[in-house]
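Engineer: the following block contains a protein sequence and its predicted model.
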Amino acid sequence: MKYRISVDTGGTFTDVVVQDDRGKVVIGKSLTTPDRIFHGMRGAMQMAAGELGVSVETLLGEAGLLIYGTTHSTNAIVQGKVAKTAFLTTRGFPDILVTREGGKFGPHDFSYDFPRPYIARRHTFEVDERISSEGEVVTGLDEAAARKLAKRLVSDGFEAAAVCFLWSIANPLHELRMGEILAEEAPGIAVSLSHVLVPIVREYRRASTTAIDASIKPLMQNHLREMQRDLVAAGFAGDILVSTSAGGCTHVADLVEKPVHTVKSGPAMAPVAGRAFSRMEDLGDDVIICDTGGTTFDVGLVREGELKYTRETWLGGQWMGHLTAISSVDVRSIGAGGGSIAWIDNGGLLRVGPMSAGSVPGPACYGKGGDKATVTDAALVLGYIDPAYFLGGRMKLDVDAAKKAVGTLATELGISLERAAFAIINIANEHMINAIQDITVAEGFDPCESTLVAGGGAAGINIVPIARELGVRTIILPKTASALSASGMQFSDIIFEESGNCVTTTGRFDYEGVRNTLDEIDTRLDKASEQLEIAAGGNIRREYTVEARYLTQVWELDAALPSRRIEGEQDVLGLVDAFHQSHERVFAVRDETAQVECLNWRGRMTVSLGKANWAGEKTAESGSGSSGTRRSYFGDSIDDVPVYRGQDLEIGCTITGPAIIEEPTTTVVVYPGSTARVSANSNYIISL
Amino acid sequence: MNAPTVNPSPSPASEAIDPMLLSIMANRVDGIVREMTSTLLRAARSAVIASARDMSCAIVTGDNELLATAEGLPVHIFGSHLQTISMQQLHDDLAPGDAFLHNDPYMGNTHPADHTILVPVFVDGEHMFTVCAKSHQADTGNSTPTTYAPYARDVYEEGGLIFPCVRVQRDYKMVDDIIRMCRKRIRVPDQWYGDFLAAVGSARVGERRLAEFCRKYGKDKVKAFIRQWIDYSEKRTIQAISKMPAATITHNGAHDPLPGLPDGIPINCKITIDPAEATIEIDLRDNIDCLDNGFNVCEACAINNSIAGVMNCLDPDIPRCAGIFRRVRVLLRDGAVIGRTSFPHSASIATTNVGDRLVNLTQSALAKLGDGYGLAEGGVGMGAGWAVVSGRDFRRDNEVYINQLFVGGNGGPASPSADGWLTYGIPVAAGLIYRDSVELVEVKHPIQMKSVQIHPGTCAPGKFRGAPGAELVYGPKKDTMTVAIPCDGQVFPPKGVNGGHDSPGARTFKIDLDGNEERLPGVAQVDLAPGEWLRGIDNSGGGYGNPLDRDPQRVLYDVAERWETLERARDIYGVVLTPSENDLGYAIDLTATTQRRNALRTAA
């Protein structure tokens, strides 16, 4: 296994990261080819292979492992380009996907329509059946009607069906039977059953996840199998794994069955990368990860070496979009990036976003017809970006257009051009700071104690002031910052997660029920690990958590089990203590008198794929001299600031701000008062 | 007229902070309110708070100006400063570590069921802010098992404990005397205590963050920020009002009839818009005296709900803080049914029923300015889906349960540019509150839900239509369940404006063991025996504008999605649809539609 390849197929670019057996790491980038994903992948591999001095055939032939990540499912969901999907629900409850769970932004804003459901009402079918919250059959499944419905789905041209009956998690009888009937009468239709996919209470969350899963099943099955075939045809003979929303990776066959686990799997890999880079640089296990693209800013968190997970991931925005409730790496996205538009409201206040110029027309400086000032234009005006070296010189930027756009705002505000540009950057920073605080401070974590890992093409422009505002002292800007997710896959593990329901309270603990639930989870994890050839000899770790709450609370918190099993009073006390601590950290109070109610039990198995052997290499023969200077502004005056090319910098050299370091796919702005050092692994370590 | 003709009094230039910092600091304080809100929501025990989000947080300045509210409910937040004023008047020994419980409607709270925790925030010995965490309790110890006592003659008959801004923490420690009183007097004391802890935690989180905020920027900058931020909000309000036509509008409405009040509760307002001075004055003094029931709308609710109605029609981006109060003024009368409630009249149900009507009254009054202004009336009435249910739970050793449900939903009002919001709820909540999960309702209470759904053809038509109300059916699983329903909008349904239609109206029925339906009065309390069911139909929001002007594509979509029927499309909207093989199942017959619309216009 000479090479390990990771591929991140985004909406615009396909990123490839290749690591050879001596730890040499190279990046390839190419435009994504949606019609045949392998073409773009091959293009990016060609570039990477070139850097390694081999042919793409050799690269593929000698690679032992390829990890694939894709935004294919996420994009299909957001754009509504999914299979024609039917929603099958319990009679009397057809509007679960329509009404969602309520909630709205803008208390006084009546200017916009209610969002449409993920599956139309006209594609919703009520089934005669009902299970009670105690798991009893209240109304038996009307099999004749169910059979008729299955036939109708075929004749109406449905390609997928999502089945979510009330309380199927308490008694799956009817969902299972409906699944059998569909298999008999409509074998061509892809089916997802809610209790299998996501066994949680709260019907909307379960239904929405199931609907999303079913709707992308046909296309993801095709997509993944085609990718697999094309790779094999191109001479690849190693293992293919696909990255998941849980920040791990798994076999194609698993994801073909539960494709919802590919949703947002790309962003989920950025925290995996952040954790690895922080460890590599010996900068601790508490990490904030920021990935700045042209239109979105993603934030993730690693705490004590653990990824942060959520069971509430919105696609298309909270309350307005659609929810998946599978356990996913918690990555918060906000609409902020290089393309965010600056404007002045009628109260005279400068605002940035949420509107974005996107890539077309793009910022004014792209010269593609955009005339609105964006964050990228502001960075250009401030001298942070070299107009002749954007994307490594592949795209020339129009400084005059940027000045004109920013100048319009400056005139209206009655301030200088540079001051206005500086304000735009700072206000954009503020949105990003809030997003970071939302995932740290609001959850009881202090960002001061963390290392910040920044990725994405636009990261280096403003990460220093953002970190400073948060009290962060050290930033890592990896050499592969522009391909953070693909880098993450190089470090990812194989992750399996299984869960089970057993509701019990710590005052009257159901030892047997919990033991059975955990045994069942272990049995399923055992089965999963047996099927994994690559897991043999690997380092396998299992962790158990429970979603718990004070009795009669409504929302759960995760508490780690103190031991593999809860066998006696001491174990229960340990569990209670873990919960109190978690509650006090998050909610500032604890209730020593209350019992703890435990609901969902989870087991996560992590199979390590072996440590990535990511070694740095000397990139320059000598020196750390600057390639020139540029007029730049950092809030006080316009000064000549030294500019460095990344390839000219030697390992270990330190650059003191103000300075600008240019890489082909990103720019690092070293603000006054900060220094950047090139680490032994060729990453930039910025100290504040 | 686009340019502002009036400017707020400018802050002294020497202290001015630049717009960039202003924006940054405003984001930061809003972030603090959001963090408080999420703490309260996620740590709470009762579904009314944790699931439905019937709660709000706010930050008020040390000199009692409303500063930040984030996504707080309109009904809760506008009058938060009234409560902090009373805290200062009553306590001359405020100190760090204090927390107060305030639910007194005669002293600035909204209604007794809303327990507000107030925490003064000190920085270097100076009282800089007060943080407010308000939440609707599942129970407050009323004489009957509901937090809404419609027929309580006075506050005594209402029966819940009133806390006129009482200290519950000193030096960050509980004042156990008060906690014990509550535990003795409130049903399901553990549930109350959990919610109380969540609110205290929320306020403490706010306190911690504001102290950090002041440390970071220094007190002088923070004070400059407060002044300028409130000025900015005023400036935005001026911008909005100066674009409106000058007018004085008198408007009236009524709550549904009640026993002894055959014409309902009439409500009146006079709104004067003065674009030259950039002010709006809402005069509520011409209203009847307080009633001997729980429907009186106290000072906080009168202010909150009338201002909310106006803000619903202005630029939604105006920051909700004290700057608005400088331009939108509310005139109230002592002892009026909407006004300063005279003790001991009850304001038990002040936040919703007549309060909801007040939101509708002001926003629909502004529609009289013509197309493009105001809103239709939103769906009113806390029907079957919003009932307070109570009884004993056979699954938990016959423990007592009590809680308000949030499974129903009135539709929202149509606006000049959009259809009504489906999960609107009631006007005072305006779509912000969450819906209960049916499964969570069933697991927390011994209830069997039979159906929750929307019926075609129940939206109030208009150029933009109201959102439909839901229909729901539920009953007890085993033992008798008491259901208190404080509904409205069954006799006087929400109205459409500027040619938009009215809602068909809400209804409640009791279904007996033989399946016979008995129509219940709007405000009702019934015991449901096993096998009996309650069926409720919620209101649609009113329509805005003439249905014949509705975009036929919208009508087509509504029919395809079963919001509307083919018949109503033809008869009310004048849109003729023909069956089609396309995904929607229908296509628009343009020629027939034009003819039909012309004919309907002529007939009108």
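Structural biologist: Good, I have the coordinates. This structure is a prediction, so every number in the text was calculated from the model and none was measured.
Engineer: up against chain B, what does the stretch 1-150 of chain A have?
Structural biologist: Contact residues, the stretch 1-150 of chain A versus chain B (Cβ under 8 Å from any Cβ of the partner chain): A:91-95, A:98-114, A:120-122, A:132-134, A:138. Any C-beta I mention is one placed from the backbone N, CA and C, and that applies to glycine too.
Engineer: need the buried ones from those selected in ChimeraX.
Structural biologist: In ChimeraX syntax, the buried subset of the residues of the stretch 1-150 of chain A next to chain B is picked out as below (16 or more other Cβ atoms under 10 Å in any protein chain shown):
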select /A:91,92,93,94,95,98,99,100,101,102,103,104,107,108,109,110,112,114,120,121,132,133,138
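Engineer: where in the chain is pLDDT low?
Structural biologist: This is for chain A. Residues of chain A meeting the criterion pLDDT under 70: A:1, A:294, A:359-360, A:391-392, A:442-444, A:531-538, A:610-625.
Engineer: was after chain B, sorry
Structural biologist: Scanning chain B for pLDDT under 70 picks out B:1-15, B:20.
Engineer: do that again at 50, thanks
Structural biologist: B:1-5, B:7-14 (pLDDT under 50).
Engineer: got the domain boundaries for it?
Structural biologist: Taking automatic domain parsing as the domain assignment, the ranges for chain B are B:13-233, B:375-545, B:547-603.
Engineer: flag every residue of the stretch 151-300 of chain B that's near chain A.
Structural biologist: So far as Cβ under 8 Å from any Cβ goes, the stretch 151-300 of chain B lies against chain A at B:190-191, B:193-194, B:197-198, B:200-202, B:204-205, B:208-209, B:232-233, B:235-236, B:239.
Engineer: how about 10 Å then?
Structural biologist: Residues of the stretch 151-300 of chain B found near chain A, taking Cβ under 10 Å from any Cβ of the partner chain as the criterion, are B:188, B:190-191, B:193-209, B:212, B:216, B:231-240, B:243.
Engineer: next step: the residues you listed restricted to helices.
Structural biologist: Secondary structure from DSSP state H places B:190-191, B:193-209, B:212, B:216, B:231-240 of these in helices.
Engineer: what's the ChimeraX syntax to select whichever of those residues are buried?
Structural biologist: Those of these that count as buried under 16+ other Cβ under 10 Å are selected in ChimeraX with:
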select /B:190,191,193,194,195,196,197,198,199,200,201,202,203,204,205,206,207,208,209,231,232,233,234,235,236,237,238,239,240
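Engineer: out of the residues of the stretch 1-150 of chain A next to chain B, which sit inside strands?
Structural biologist: If you go by DSSP state E, the residues of the stretch 1-150 of chain A next to chain B have A:Val138 in strands.
Engineer: which ones among the residues of the stretch 1-150 of chain A next to chain B lie within helices?
Structural biologist: A:Val98, A:Thr99.
Engineer: ok so, going back, just the domains of chain B: most buried one?
Structural biologist: Burial of the domains of chain B is given as mean neighbour count (mean count of other Cβ atoms under 10 Å in any protein chain shown); domain B:375-545 ranks first at a mean of 24.
Engineer: what about that domain, start to end distance?
Structural biologist: 10 Å (Cα to Cα, to the nearest Å).
Engineer: so what's the gap between it and the chain middle?
Structural biologist: Offset of domain B:375-545 from its chain centre (Cα atoms, centre = their mean, to the nearest Å): 15 Å.
Engineer: got the phi/psi numbers for the residue nearest to A:Gly574 when sequence neighbours are not counted?
Structural biologist: What sits nearest to A:Gly574 in space, not counting adjacent residues and going by Cβ to Cβ, 6 or more residues apart in numbering or on different chains, is A:Pro562, at 3.5 Å. Phi and psi for A:Pro562, reported as degrees, to the nearest 10, are phi -70, psi -20.
Engineer: is it true that A:Pro562 touches A:Asp577?
Structural biologist: Yes. Contact status for A:Pro562 versus A:Asp577: in contact at 8.1 Å, counting by Cβ atoms under 10 Å.
Engineer: among the two, which residue is more densely surrounded?
Structural biologist: Taking other Cβ atoms under 10 Å in any protein chain shown, A:Pro562 and A:Asp577 do not tie; A:Pro562 has more neighbours (16 against 13).
Engineer: could the domains of chain B go into TSV alongside distance to B:Asp292?
Structural biologist: Below are those laid out as TSV (distance: least, Cβ to Cβ, whole Å):
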stretch	distance to B:Asp292
domain B:13-233	5
domain B:375-545	15
domain B:547-603	42
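Engineer: indicate which one of these is closest to A:Gly321.
Structural biologist: Among the domains of chain B, domain B:375-545 comes nearest to A:Gly321, with 14.6 Å by Cβ to Cβ.
Engineer: in the one helix or strand A:Gly500 maps to, what counts as buried?
Structural biologist: Element membership for A:Gly500 (DSSP states H and E) is strand A:494-505. Buried residues in strand A:494-505, defined by neighbour count with 16+ other Cβ under 10 Å: A:Ile494, A:Ile495, A:Phe496, A:Glu497, A:Glu498, A:Ser499, A:Gly500, A:Asn501, A:Cys502, A:Thr504, A:Thr505.
Engineer: between those residues, which is nearest chain B?
Structural biologist: A:Thr505 (10.5 Å; Cβ to the nearest Cβ).
Engineer: list the contacts for that closest one?
Structural biologist: A:Ala548, A:Tyr550, A:Leu551, A:Val572, A:Ala594, A:Gln595, A:Val596, A:Glu597, A:Cys598 (Cβ atoms under 10 Å, 6 or more residues apart in numbering or on different chains).
Engineer: and the next element down the chain from the longest helix belonging to chain A?
Structural biologist: Ordering each helix of chain A by length in residues (DSSP H) puts helix A:203-233 first. Under the assignment DSSP H and E, the closest C-terminal helix or strand after helix A:203-233 is strand A:239-243.
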